[in-house]
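# The following comprises the amino acid sequence and a computationally predicted model.
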Amino acid sequence: GGSLRNVTFGGGCFWCTEAVFMQLEGVDRVTSGYAGGSVANPTYRQVVTGKTGHAEVVRVRYDASKCALGDILDLHFASHDPTTLNRQGADVGTQYRSVIFFEDEEQRAEAEAAMARAEEEYGREAWFGFVPGTAKSVVTQLAPMGDFWEAENYHQDYFNNNPNAPYCYMNIVPKLQSFKVRSKIDEMGRAPDA
């Protein structure tokens, strides 16, 4: 269809990110992969060393007539901590960086606007400004889309294929159940089978 678009971003382990975006109505496909590095067709073993420069990312193919790019990007910011440099929880390294790869100037503008909204939210002091030193800055990288390399098959649809894996119930389930993620998905529209 003419209204299908792609957007590619990273926010930690792609298994978590993929599971979040598969919940959305209007999302046609979520593909885990690698972007932003210097090695052609990298393997997972290469990327996790942090030496290839790639980030673990997801490419979300969505129906632009059913969901807005700005909402998708807002969910991206709600589903990870964009204030931690090269880290999400126990996953540490440049391959886990917060990043948005834009494909054109329209995506760049949407990403900049979403980053500004996230900066406003994370930049507030906690407890209505009563806790000094709790404001944080967004460190999400914004970069032009280069090559996207699809990850190995066992990484695709990981949560649905491995719901009882320890990583899934320790990391993915709590993320899907978090108030910020659930409320944003409910606002945008939950996929019928999610």
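On my side now, so go ahead. Residues are numbered from 1 along each chain as shown.

# Tell me where this protein has helices.
14-21, 44-47, 69-78, 105-122, 126-129, 158-161, 166-167, 173-177, 179-188 (DSSP state H).

# by contact count, what packs against the third one?
Here helix 69-78 touches strand 4-11, helix 14-21, strand 55-63, helix 105-122, helix 179-188, going by 3 or more CB pairs under 8 Å, 6 or more residues apart in numbering; DSSP states H and E. C-betas here are computed from N, CA, C, even on glycine.

# which one of those has the lowest average pLDDT?
Lowest mean pLDDT within the helices and strands packed on helix 69-78: helix 179-188, at a mean of 90.

# And for that helix, what's in contact with it?
20, 23-26, 67, 71, 74-75, 78-79, 175-176, 194 (CB atoms under 8 Å, 6 or more residues apart in numbering).

# One more: stretch 9-20?
Residues outside stretch 9-20 that contact it (CB under 8 Å, 6+ apart): 30, 32-33, 35-36, 55-58, 60, 73, 75-76, 79-80, 82, 88-89, 91, 96-101, 151, 155-160, 167-168, 171-172, 175-176, 181, 185.

# Recalculate using a threshold of 6 Å.
Contacts with stretch 9-20, where a contact means CB atoms under 6 Å, 6 or more residues apart in numbering, come from 30, 32, 55-58, 76, 79-80, 88, 91, 96, 98-100, 158-159, 171-172, 175.

# end-to-end on that stretch?
13 Å (CA to CA, to the nearest Å).

# Also stretch 47-64?
31 Å.

# looking at the contacts of helix 179-188, which has the most residues close by?
Neighbour counts for the contacts of helix 179-188 peak at Val20, which has 26 neighbours (criterion: other CB atoms under 10 Å).

# Buried residues of stretch 53-70, list them for me.
His54, Ala55, Glu56, Val57, Val58, Arg59, Val60, Tyr62, Cys67, Leu69 (16 or more other CB atoms under 10 Å).

# pLDDT below threshold where in this structure?
Along the chain, segments meeting pLDDT under 70 span 1, 125-132.

# which of the helices of the chain sits most buried?
With neighbours taken as mean count of other CB atoms under 10 Å, the helices of the chain reach their highest mean count in helix 14-21, at a mean of 25.

# what inclination does it have with respect to strand 4-11?
The directions of helix 14-21 and strand 4-11 differ by 130 degrees, with axes from the mean of the first three to the mean of the last three CA atoms, to 10 degrees as the criterion.

# Run a quick neighbour tally on the closest residue to Glu103 other than its chain neighbours.
In space, and not counting its chain neighbours, Glu103 is closest to Met145: 4.7 Å by CB to CB, 6 or more residues apart in numbering. By other CB under 10 Å, the residues close to Met145 number 18.
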